[in-house]
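S.K.: Just the structure for this:
(chains A and B)
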Amino acid sequence: MSALALKDARMELKTTNDMKEMLKTAAMLAGQDLTSFVLASAEERAKSVLSDYQSLSLSNEEQANFMNALTSPAKPTKTMKELMSAENLVER
Amino acid sequence: MNDNEGIVLELYNPDKTYTSQKRFDCENKTINKFVASSLKKQVRQNLSQCFVLLDTNNEDRFIGFYTLSSFAIDVADLTILSGGSLPSRIPCSRLIMLGVDKEYKKRGLGKLLLKNAIQKTIKAAEQIGIYGLFLDADEAAYSFYIEHGFIALQEKTGQKPTPMFIHIDTLRGLVFK
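M.R.: Residues are numbered from 1 along each chain as shown, chains lettered A, B, ... in the order given. Just a heads-up that it's a prediction; the model follows:
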């Protein structure tokens, strides 16, 4: 969100006095007003949730392990075989 | 194990009111809250598809569900090494949430929901490219998925959910062999 974006929406939040005091103190320490502080923190979290929802990023080593699993798929385990030969749920 | 008579699975319809959806309790707070207040919105926005388990002997009570969506695993760093034989994002289906009401536990219904999600994944893979099934296993479910042949994509650390994966060919082998 750019700083010049027109702010045409409003959010109201209910919270406890203690929580509000804590947020105010933290905002002050970060050199921000309460609104900017709360919104920036929520934006950061929102971006992370959205990106986690769509994809997973792995470290180099994890990517290499995953690649191995992709190129040589494992045989199904005994437990999985049992599950797949169990009766199906009835669908309607 | 046929005390599951009268229990049916159907595609969740966000415009329908399900008996006891708001009272659904699978003993996991996050999932209960999701079912009560977010499920409808999520499905309506096409963010995931949901299949719901109903007890026809009890006014079609909402007793279990799972949600499935598309997902991708980022392997951009390795694509360069593989010489372009694999895409930089590996498409998968993702089992987001699965739950069975506590009054219906110990009847194998959770497993049968997993089986159904696997079957849906195999079907989807016939239509669009899918390399496998992905899920985040919470600590309590981790060994359950290991036993079923899922592999951990990241090392299991403490109480954080572990990302897990099973190859589509492993799943297919089961069905056509």
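
S.K.: For chain B, which helix extends over the most residues?
M.R.: Ranked by residue count under DSSP state H, the longest helix found in chain B is helix B:109-127.

S.K.: where in chain B is pLDDT low?
M.R.: The model of chain B has pLDDT under 70 over residues B:1-2, B:79-84, B:174-177.

S.K.: again, only using 80
M.R.: For chain B, residues meeting the criterion pLDDT under 80 lie at B:1-3, B:77-86, B:173-177.

S.K.: ranges for the helices of it?
M.R.: For chain B, helices defined by DSSP H occupy the ranges B:29-37, B:39-44, B:76-81, B:109-127, B:142-147, B:168-176.

S.K.: Quick one: closest of those helices to A:Phe66.
M.R.: Closest of the helices of chain B to A:Phe66 is helix B:76-81, at 8.2 Å (criterion: CB to CB). (Each C-beta comes from the backbone N, C-alpha and C, glycine too.)

S.K.: Name all residues that make contact with B:Ile118.
M.R.: Applying CB atoms under 8 Å, 6 or more residues apart in numbering or on different chains to B:Ile118 gives the contacts A:84, B:133, B:171.

S.K.: What are the buried residues along the longest helix of chain B?
M.R.: By neighbour count on 16 or more other CB atoms under 10 Å in any protein chain shown, the buried set for helix B:109-127 is B:109-122, B:124-125.

S.K.: go on, stretch A:41-49?
M.R.: Buried residues in stretch A:41-49, defined by neighbour count with 16+ other CB under 10 Å: none.

S.K.: And for stretch B:55-64?
M.R.: For stretch B:55-64, by 16+ other CB under 10 Å, it's B:55, B:60-64.

S.K.: got it, and stretch B:7-21?
M.R.: For stretch B:7-21, a neighbour-count test (16+ other CB under 10 Å) marks B:7, B:9-10, B:12, B:18, B:20-21 as buried.

S.K.: Return the distance of the longest helix of chain B from the chain's centre.
M.R.: Put simply, helix B:109-127 sits 8 Å off its chain's centre (CA atoms, centre = their mean, to the nearest Å).

S.K.: Check the gap between the residue of chain B found nearest chain A and B:Ile118 for me.
M.R.: At 3.6 Å from chain A, B:His167 is the closest residue in chain B, using CB to the nearest CB. According to CB to CB, to the nearest Å, B:His167 and B:Ile118 sit 12 Å apart.

S.K.: how many neighbours does B:Thr30 have?
M.R.: The tally of other residues near B:Thr30 (other CB atoms under 10 Å in any protein chain shown) stands at 11.

S.K.: C-alpha coordinates for the helix or strand harbouring A:Ala42, PDB please?
M.R.: Counting by DSSP states H and E, the element that carries A:Ala42 is helix A:34-54. Listed in PDB are the C-alpha atoms of helix A:34-54, where the atom choice follows Å, rounded to 0.1, in the frame of the first residue of the first chain:
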ATOM      1  CA  LEU A  34      -0.700   3.700  16.700                       C
ATOM      2  CA  THR A  35      -2.600   3.300  13.400                       C
ATOM      3  CA  SER A  36       0.500   2.900  11.300                       C
ATOM      4  CA  PHE A  37       2.000   0.500  13.800                       C
ATOM      5  CA  VAL A  38      -1.000  -1.700  13.900                       C
ATOM      6  CA  LEU A  39      -1.600  -1.700  10.200                       C
ATOM      7  CA  ALA A  40       2.000  -2.300   9.300                       C
ATOM      8  CA  SER A  41       2.200  -5.300  11.600                       C
ATOM      9  CA  ALA A  42      -1.100  -6.700  10.300                       C
ATOM     10  CA  GLU A  43       0.000  -6.200   6.700                       C
ATOM     11  CA  GLU A  44       3.200  -8.100   7.300                       C
ATOM     12  CA  ARG A  45       1.400 -11.000   8.800                       C
ATOM     13  CA  ALA A  46      -1.300 -10.900   6.100                       C
ATOM     14  CA  LYS A  47       1.300 -11.100   3.400                       C
ATOM     15  CA  SER A  48       3.000 -14.100   5.000                       C
ATOM     16  CA  VAL A  49      -0.400 -15.900   5.400                       C
ATOM     17  CA  LEU A  50      -1.300 -15.200   1.800                       C
ATOM     18  CA  SER A  51       2.100 -16.400   0.500                       C
ATOM     19  CA  ASP A  52       2.000 -19.600   2.700                       C
ATOM     20  CA  TYR A  53      -1.500 -20.300   1.400                       C
ATOM     21  CA  GLN A  54      -0.200 -20.400  -2.200                       C
END
